[in-house]
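Novice: Here's a sequence, model it:
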Amino acid sequence: MLTNLSATNSIVSQWISELRDTAIQTDRLRFRKNLERIGEVMAYEISKLLPYKDEAVTTPLGTATCRVLEQQPVVATILRAGLPLHQGLLNFFDGADNAFIGAYRKHNAEGGFEIDQQYVASQAITGRPLIMADTMLATGASLILALQTLLAAGKPSQLHIVCVIASDEGIKQLITSFPEAHIWAGVIDAGLSASNYIVPGLGDAGDLAFGEKIQF
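Specialist: The predicted model follows:
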């Protein structure tokens, strides 16, 4: 299933316009905050689809039957661009466990690239909702590799994939690789550049959020 938040008018479209705007996106604090706020909206929408149970809660005047999450999700992200989006999800799923994947694209002289995945840390995911946050979904290669690594260790009860800007190509690749997943996109762009960056996109989300990287 695919949910494109831009298909319906909401404040998310305003935040995405600010993320894209070269006159605004140089404000790193504002850039990170907009990613975080989009993560919060995504978390609220995802929360409607998670399983709940009744729980008796003692109040000062008696007992109330409340609906609470049946199980806390695992919230995962790919370092480093996904961190603000991940934080937005955690602001709402504040009891969640977490998973982190270190991966990046290594470009070669021929214009192609390979994914270098060097770090994975995760709580147990078997039987639990898994929410994967990746700010930019271009080709989908790094996200697919990260999910394959996590799913090799267990099968979640639900799989939600959250991105702010996705390409048509990335969406197609995810649907093919994970047909059971619910994909949440802030907006979907049609194109990819020759270097496999989303067009019109917004540039490099990691650099804009945290400063230009130097590879070691």
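Novice: Toward the C-terminus from the helix or strand of the chain with the lowest mean pLDDT, list the very next helix or strand.
Specialist: None of the helices or strands of the chain scores lower by mean pLDDT, DSSP states H and E than strand 113-122, at a mean of 77. Tracing the chain past strand 113-122, the next element assigned as helix or strand by DSSP states H and E is strand 129-133.
Novice: could you give the angle of that following strand to strand 113-122?
Specialist: 140 degrees (axes from the mean of the first three to the mean of the last three C-alpha atoms, to 10 degrees).
Novice: where's strand 129-133 relative to the chain centroid, distance-wise?
Specialist: On the basis of C-alpha atoms, centre = their mean, to the nearest Å, strand 129-133 sits 8 Å off its chain's mean C-alpha point.
Novice: Show me what that strand is packed up against.
Specialist: Packed against strand 129-133 by the contact rule (3 or more C-beta pairs under 8 Å, 6 or more residues apart in numbering; DSSP states H and E) you find helix 28-47, strand 74-79, helix 83-92, helix 141-151, strand 158-167. To be clear about C-beta, it is placed using only N, CA and C from the backbone, and glycine gets the same treatment.
Novice: Could you rerun that using 10 Å?
Specialist: Packing partners of strand 129-133 (3 or more C-beta pairs under 10 Å, 6 or more residues apart in numbering; DSSP states H and E): helix 28-47, strand 74-79, helix 83-92, strand 97-107, helix 141-151, strand 158-167, strand 182-189.
Novice: Quickly run through the sheet partners of it, with directions.
Specialist: Here strand 129-133 is paired, per DSSP bridges, with strand 74-79 (parallel), strand 158-167 (parallel).
Novice: contacts for the least confident helix or strand of the chain?
Specialist: 74, 76, 78-79, 97-108, 130, 139, 141-146, 148-150, 152-154, 195-196, 215 (C-beta atoms under 10 Å, 6 or more residues apart in numbering).
Novice: So for whichever strand or helix holds residue 170, mean pLDDT?
Specialist: According to DSSP H and E, residue 170 maps onto helix 168-177. Averaging pLDDT along helix 168-177 gives 96.
Novice: same deal with stretch 61-72?
Specialist: Stretch 61-72 carries an average pLDDT of 97.
Novice: now what about that stretch, what contacts it?
Specialist: Looking at what lies outside stretch 61-72 - C-beta under 10 Å, 6+ apart - the contacts are 47, 50-59, 93-97, 123, 127-129, 157.
Novice: got a list of what the residue most central in space within the chain touches?
Specialist: Nearest to the geometric centre of the chain sits residue 133, at 1.8 Å (C-alpha atoms, centre = their mean). Residue 133 makes contact with 35, 38-39, 42-43, 75-78, 81-90, 143, 160-164, 184 under the criterion C-beta under 10 Å, 6+ apart.
Novice: Let's see that with 7 Å instead.
Specialist: With contacts defined as C-beta atoms under 7 Å, 6 or more residues apart in numbering, the neighbours of residue 133 are 39, 75, 76, 77, 82, 85, 86, 89, 162.
Novice: Thanks a lot, catch you later.
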